[in-house]
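Enquirer: Any chance you could fold what I've pasted below:
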Amino acid sequence: MLTLACMDTWVYEYTVFVSTTLFLVFPFIGIVCSYGRVLFAICHMRSTEGRRKAYSTCSTHLTVVTFYYAPFVYTYLRPRSFRSPTEDKVLAVFYTILTPMLNPIIYSLRNKEVIGALRRVIQRTCSVKM
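Expert: A predicted model of the protein is given here:
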């Protein structure tokens, strides 16, 4: 729609940039900082098993958060001159379909039985191809 406007759209683009910064970048920075504090606390844990479990939980959470926030930030913080409709469509598919689809997979990989089953499938697949 903006290309059909017969006026300068810099105010709109500036508003999108500011709102994206407020609603995406600052919360993401807050999340990363809070996980930094959690990781700092984990480093000072005495239990090796507890440290391993905590790292596993934090890594899966950060992976999901990054998969969710990165496409939004990439889409809305780029100048309009660098955008292409095709790329915007691909990113929209990524954060509306792919990210929610990956969430169960990412969280289930923390389960030892699921990891064992995945290893068996990979071994079968590799032995069949060779």
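
Enquirer: Least confident secondary structure element in this protein?
Expert: helix 99-108 (a mean of 79; mean pLDDT, DSSP states H and E).

Enquirer: For this protein, which segments count as helices?
Expert: Along the chain, counting by DSSP state H, helices occupy 10-20, 26-43, 48-76, 85-93, 99-108, 112-129.

Enquirer: of all those helices, which gets the most neighbours per residue?
Expert: Mean neighbour count (mean count of other CB atoms under 10 Å) peaks for helix 48-76 among those, with a mean of 15. Where you see a C-beta, it was placed from the backbone N, CA and C, and this is true even at glycine.

Enquirer: helices or strands next to that helix in the packing?
Expert: helix 10-20, helix 26-43, helix 85-93, helix 99-108 (3 or more CB pairs under 8 Å, 6 or more residues apart in numbering; DSSP states H and E).

Enquirer: can you give me the angle that helix makes with helix 10-20?
Expert: 170 degrees (axes from the mean of the first three to the mean of the last three CA atoms, to 10 degrees).

Enquirer: what angle do helix 48-76 and helix 85-93 make?
Expert: 150 degrees.

Enquirer: How far off centre is helix 48-76?
Expert: 7 Å (CA atoms, centre = their mean, to the nearest Å).

Enquirer: next one: stretch 117-128
Expert: Offset of stretch 117-128 from its chain centre (CA atoms, centre = their mean): 27 Å.

Enquirer: ok, E13 touching R80?
Expert: Yes. With contact defined as CB atoms under 8 Å, E13 counts as touching R80 (5.9 Å).

Enquirer: Pull up the gap between V114 and S59, please.
Expert: In this view, V114 and S59 are 16 Å apart by CB to CB, to the nearest Å.
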